[in-house]
Every structure is written in C-alpha cells, then in structure tokens.
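K.L.:
I need the structure of the sequence given here:
(one chain, ligands or ions: 1)
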Amino acid sequence: MTTMNKILVINGSYRDDGITDQAVAVAVAALKGSGAETEIINLREYPIEFCLNCRECSLQPGESPGKCVLDDGMQALIEKIEAAQGFILAAPTNFGSVTAIFKRFMERLIAYAYWPWDKPYPQFRKAKAPRKKAMLISSSAAPALMGRWLFGSSKQLKMAAQTIGAEPVGTLFTGMISTEKHQQLPQKTVAKARAMAIKLLTA
Ligand SMILES: Cc1cc2nc3c(=O)[nH]c(=O)nc-3n(C[C@H](O)[C@H](O)[C@H](O)COP(=O)(O)O)c2cc1C
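P.N.:
Modelled structure (predicted):
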C-alpha cells in the first residue's frame with residue numbers, strides 16, 4: 001500500500017460554497033485528518049488564458065510537459081501538478097459539459113502531449129509514467145445516474161486526470177441539486193466523499 005501525502009485540488013466551480021465547494025471541503029477535511037498535505041486551486045480566481053492551439057508546447061519531446069508561449073499562471077500550476085502525488089478534479093455540469101473555466105484549464109494540458117506537426121494525433125507524455133491517483137467530482141440538476149452517463153463532464157474529468165498521469169479512484173457525482181439556492185450536500189454524499197478521499201490516499 002502506497003501512501004500519498006500531497007494532494008492538489010483543482011476546482012472548476014464558479015460559486016463560493018456551492019455543491020462542488022462543499023464536496024471538495026468534505027474530501028479535503030478527510031485528507032487532512034489522515035495527515036495529507038492539500039492545496040486548493042479555485043480556477044475562478046486563478047489566472048489562466050485560453051489555449052492558442054499553436055502547439056509550441058507539444059512540439060518539445062520528452063516526458064515533461066512542454067513550455068507554453070503564454071505567460072500566466074499555468075506554468076506554476078503545472079509545477080504544482082508535477083509535485084503532487086494525487087488530485088481532486090472538480091467541475092459542475094453546465095450544458096452537458098464541465099464548466100468553461102475547467103475546459104479552459106484542460107485545453108492548456110496539451111502541454112502534456114507530444115504532438116509534432118507530422119503526427120496525426122498526440123502521444124500523451126504520461127501514458128507510461130507511474131500512475132498517480134485522482135478523485136473526480138461533478139454534479140448536475142439531473143439525477144446522478146443520468147448525469148453521470150448522459151453528460152460529458154465525468155468523461156472530461158477522467159480525460160484531464162489521465163492527461164496529467166492519474167488514474168481515477170472514483171467519481172463523486174451528485175444529482176438533483178438545483179432546487180434551492182443554497183443547497184446542502186446530502187448526508188450520504190458527505191459519507192461517500194470522505195470514503196473516496198481516503199481511497200485516494202491508500203489506493
Ligand atoms: C449555465 C448552466 C448550465 C447548466 N447545465 C446543466 C445541464 O446541462 N445539465 C444538468 O443536469 N444541470 C445543469 N446545470 C445545473 C448545474 O449542474 C448545477 O447548478 C451545478 O452542478 C451546481 O454546482 P455548484 O453548486 O458548484 O455551482 C446548469 C447550470 C447552469 C447555471
């Protein structure tokens with residue numbers, strides 16, 4: 001059993017203390033209670049520009065992420081990603097997808113692909129690297145079972161995790177959470193969030 005101590009949370013919710021923030025807080029409390037070091041990056045207050053699709057970062061060979069031409073917070077975030085041993089990736093479902101701020105972050109992860117102009121598709125740099133672990137968090141107005149399978153959010157979070165070299169330990173998907181402005185995370189979700197966070201440390 002390996003123990004992961006440094007967990008980076010990347011949160012793509014727009015709202016303070018919404019369902020995503022509450023799920024993240026429960027998971028982080030469980031992680032801290034188990035002695036893990038955690039850091040939360042709320043993308044809503046973090047400086048990331050849109051990808052230019054210039055592919056400069058993906059022309060550079062090797063297992064390390066390539067260097068982007070943009071000078072914003074992404075380089076520092078990649079350094080945090082590289083230093084972390086596990087992740088929580090979180091984004092609510094908006095129009096069937098992760099939020100635009102999570103997608104904007106995700107597109108910048110093309111630095112994790114080697115993709116010279118003469119290759120028809122990218123080769124993901126971390127595909128063969130030792131796997132880190134990730135817990136994924138999403139939510140929707142639709143029931144969880146429907147949201148999980150019908151919408152792209154779960155798949156997109158999984159794709160982001162795999163791109164940074166992490167295997168998901170599970171997806172905490174909370175449904176039917178849009179009938180009150182300040183909806184509380186259901187108790188059974190709280191229990192699931194704690195259990196999944198511990199799994200992240202011990203898987
Ligand atoms: C712009 C927008 C688009 C949304 N699209 C969907 C959707 O396609 N399917 C769905 O079930 N819920 C949808 N919802 C509900 C959100 O998933 C829900 O408000 C969100 O999970 C709450 O997360 P938060 O509390 O972290 O903000 C949408 C909400 C907004 C504001």
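K.L.:
where in this protein is pLDDT low?
P.N.:
Residues of the chain meeting the criterion pLDDT under 70: 1-4.
K.L.:
Make sure residue 86 is actually in contact with residue 10.
P.N.:
No: the pair residue 86 / residue 10 is not scored as a contact, 11.7 Å apart, by Cβ atoms under 8 Å. Yep, even glycine has a C-beta here, placed from its N, CA and C like the rest.
K.L.:
These two: which is more packed in?
P.N.:
Between residue 86 and residue 10, residue 10 has the larger neighbour count (other Cβ atoms under 10 Å), namely 28 against 24.
K.L.:
how far does the one helix or strand the more buried one maps to sit from the chain's center?
P.N.:
Residue 10 belongs to strand 6-11 when assigned by DSSP states H and E. How far strand 6-11 lies from its chain's middle: 8 Å, per Cα atoms, centre = their mean, to the nearest Å.
K.L.:
ok and the strand or helix carrying residue 188 relative to strand 6-11, angle-wise?
P.N.:
Secondary structure assignment for residue 188, by DSSP H and E: helix 187-202. Relative orientation of helix 187-202 and strand 6-11, computed by axes from the mean of the first three to the mean of the last three Cα atoms, to 10 degrees: 140 degrees.
K.L.:
Kindly export helix 187-202 (C-alpha atoms) in CSV.
P.N.:
What follows is helix 187-202, C-alpha atoms only, in CSV (Å, rounded to 0.1, in the frame of the first residue of the first chain):
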residue,chain,number,x,y,z
GLN,A,187,-25.5,13.4,4.0
LYS,A,188,-25.0,10.2,2.0
THR,A,189,-22.8,12.2,-0.4
VAL,A,190,-20.8,13.5,2.6
ALA,A,191,-20.1,9.9,3.6
LYS,A,192,-19.2,9.0,0.1
ALA,A,193,-16.9,12.0,-0.3
ARG,A,194,-15.0,11.0,2.9
ALA,A,195,-14.6,7.4,1.8
MET,A,196,-13.4,8.3,-1.7
ALA,A,197,-10.9,10.8,-0.3
ILE,A,198,-9.4,8.1,1.9
LYS,A,199,-9.3,5.7,-1.1
LEU,A,200,-7.3,8.4,-2.9
LEU,A,201,-4.7,8.2,-0.2
THR,A,202,-4.5,4.4,0.0
